[in-house]
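**Student:** Sequence first, then the predicted structure, then my questions.
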Amino acid sequence: MENDLQLEKVKQVGGILKEVDADLWLVWIRETSQMADPVLDLIYGGEFVWQSALLFPMNGKPLAIVGNFDADATEATGLFSRVVPYTKSIKEVLIKELNQLGPSKIAINFSKNDVAADGLSHGMYLILQEYLADSDFKNRLVSSENIVSKLRGRKIPTEIERIKKAVQITESIFEEAQTFLKVGMTEIEIQSKFHEAMNRHGVGFAWDKDHNPAVDAGPYKQFGHSGPTSNMTKEGHLLHFDFGVRYQDYCSDIQRMFFFGKPEDVPEQVQHAFETVRDAIQAAADWIRPGALGYEVDAIAREFVKDRGYEEYQHALGHQVGRQAHDGGALLGPRWERYGATPMGVVEVGNVFTLELYVTTENYGQISLEEDILITRKGCELISRPQKELICI
């Protein structure tokens, strides 16, 4: 089944190369058990030991040049039309294949903007330059950022199915939480209960276990990538979660807000803040569409929040979700220097994004929600069930 997924992803490559006007995509790797290019899981799924070259031509079938001890396993995948083994050096074999293909642009995996497209180590880049020093190919190397971004971002049906299942399990565990959450529990105890539920559902962690879920009780805990503490839940306080699971190698990423008390006990400032976050996310979901630029989508929610009297949130509105909770590619974010060119990325059909933001209340801390959406031809499909009201315990 996993091999079928990779076959489908490999089939996408040729069309993408035509779009970005690159004659050849070269995935140049070694010792992948220690330093694996992020794209490998999509197009291969195994490991390589010696220097290896996976070549994907725009017009033609993919081929692999690998060490002789990797050749049989590589051929068994059926992903490559030819597998060319070598023993002493890959250099001569690589240059021979490049001469036969004659590419004018060779895309390799480096990127200033997208970590998911930056899998080529500096050492391997230098080795490639040395091997190509006596040829004109060394002057034809370009970034594969657009190739990797589109390949990761354009989810095929199998990928979408797995993400939706991960979302469904995440929401089920949130529902289970309503049966065990109570006043006087520590954040550590609550996280442990979530981990028990994950074990029952047979899922893994979408990010590091120590802060998955993030559990933030009360007004004094700053939201972020930190683990739970001995901080306790209290009557009249909020409880925030940032939680995601990994199902068959695909992730979810959802945030939810709870309140310890009756609905009629929710303070007005808390209700106003919650509605602001909820409605800003919905406004972005209503507006987003294929062809939009990431920063344009972010601006819809950001202006909504500011118009409601709050300071703007200090992160992007949304990131892509896939094999990783933060899956690279176009970002729904402001044009801040820290984000590079990713907010200028184009929203495409098949992308899965989060929509997430927070506002800060005067007396009760932060309120933050996060939903997962799938980009469709007409706009988007919310694949998580949006939280409409505070969950009162």
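**Tutor:** Structure's in. What do you need? In this text, all values refer to a predicted model and were calculated from it rather than measured experimentally.

**Student:** can we go C-alpha only for contacts and neighbour counts from here?
**Tutor:** Noted.

**Student:** sec struct for Leu55, please.
**Tutor:** Secondary structure for Leu55, judged by DSSP: H, G, I helix; E, B strand; the rest coil, is strand.

**Student:** Specify the beta-bridge partners of it.
**Tutor:** Beta-bridge pairing for Leu55 (DSSP bridges): Leu26, Leu63.

**Student:** Which stretches in the stretch 51-200 of the chain count as helices?
**Tutor:** Secondary structure of the stretch 51-200 of the chain (DSSP state H, counting those that start in this stretch): helices at 71-76, 91-101, 122-131, 145-153, 157-180, 187-201.

**Student:** ok, and which of those has the densest surroundings?
**Tutor:** helix 145-153 (a mean of 23; mean count of other C-alpha atoms under 10 Å).

**Student:** counting contacts, what elements does it pack onto?
**Tutor:** Here helix 145-153 touches helix 2-20, going by 3 or more C-alpha pairs under 8 Å, 6 or more residues apart in numbering; DSSP states H and E.

**Student:** Could you check the angle the helix it packs on makes with helix 157-180?
**Tutor:** Interaxial angle of helix 2-20 relative to helix 157-180 (axes from the mean of the first three to the mean of the last three C-alpha atoms, to 10 degrees): 120 degrees.

**Student:** Name the residues that touch helix 2-20?
**Tutor:** 23-25, 42-45, 56-59, 77, 79, 146-147, 150-151, 156, 158-159 (C-alpha atoms under 8 Å, 6 or more residues apart in numbering).

**Student:** returning to what we had before: could you dump the helices of the stretch 51-200 of the chain into a markdown table and include distance to Asp307 and mean pLDDT?
**Tutor:** What follows is the helices of the stretch 51-200 of the chain, written out as a markdown table (distance: least, C-alpha to C-alpha, whole Å; pLDDT from 0 to 100):
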| stretch | distance to Asp307 | mean pLDDT |
| --- | --- | --- |
| helix 71-76 | 56 | 96 |
| helix 91-101 | 56 | 97 |
| helix 122-131 | 46 | 97 |
| helix 145-153 | 32 | 97 |
| helix 157-180 | 31 | 98 |
| helix 187-201 | 34 | 98 |
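
**Student:** Save those helices as CSV, and put in distance to Glu356 too.
**Tutor:** Formatted as CSV, those follow (distance: least, C-alpha to C-alpha, whole Å):
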stretch, distance to Glu356
helix 71-76, 41
helix 91-101, 45
helix 122-131, 34
helix 145-153, 18
helix 157-180, 15
helix 187-201, 21
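
**Student:** For Pro386, which of those helices is the nearest?
**Tutor:** The closest of the helices of the stretch 51-200 of the chain to Pro386 is helix 157-180. By C-alpha to C-alpha, the value is 10.3 Å.

**Student:** Packing partners of that closest one?
**Tutor:** Against helix 157-180 (3+ C-alpha pairs under 8 Å, 6+ apart) you get helix 187-201, strand 245-247, strand 250-251.

**Student:** who touches the residue most central in space within the chain in this structure?
**Tutor:** Computing the C-alpha centroid of the chain and ranking residues by C-alpha atoms, centre = their mean puts Asp327 first, at 1.9 Å. Counting by C-alpha under 8 Å, 6+ apart, Asp327 touches Ala116, Arg152, His319, Gln320, Val321.

**Student:** Let me have those in a markdown table, extended by distance to Ile169.
**Tutor:** Formatted as a markdown table, the contacts of Asp327 follow (distance: C-alpha to C-alpha, whole Å):
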| residue | distance to Ile169 |
| --- | --- |
| Ala116 | 26 |
| Arg152 | 23 |
| His319 | 20 |
| Gln320 | 19 |
| Val321 | 16 |
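
**Student:** How is this structure divided into domains?
**Tutor:** Domains of the chain are assigned by automatic domain parsing as 2-152, 154-392.

**Student:** Span of the first one from start to end?
**Tutor:** The one in question is domain 2-152. 15 Å (C-alpha to C-alpha, to the nearest Å).

**Student:** Off-centre distance for it?
**Tutor:** 22 Å (C-alpha atoms, centre = their mean, to the nearest Å).

**Student:** quick revisit: so for the contacts of Asp327, which is the shakiest by pLDDT?
**Tutor:** Lowest pLDDT of the contacts of Asp327: Ala116, 94.

**Student:** Where does Ala325 sit: helix, strand or coil?
**Tutor:** Three-state call for Ala325 (three-state DSSP): coil.

**Student:** wait, isn't it in contact with Tyr247?
**Tutor:** No: between Ala325 and Tyr247 there is no contact under C-alpha atoms under 8 Å: 11.5 Å.

**Student:** Pull up the overlap in contacts between these two.
**Tutor:** Counting by C-alpha under 8 Å, 6+ apart, nothing touches both Ala325 and Tyr247.

**Student:** rewinding a little: with distance to Gln6 added, can I get the helices and strands packed on helix 157-180 in JSON lines?
**Tutor:** Formatted as JSON lines, the helices and strands packed on helix 157-180 follow (distance: least, C-alpha to C-alpha, whole Å):
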{"stretch": "helix 187-201", "distance to Gln6": "26"}
{"stretch": "strand 245-247", "distance to Gln6": "17"}
{"stretch": "strand 250-251", "distance to Gln6": "14"}
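
**Student:** Right, I'll call it a day here.
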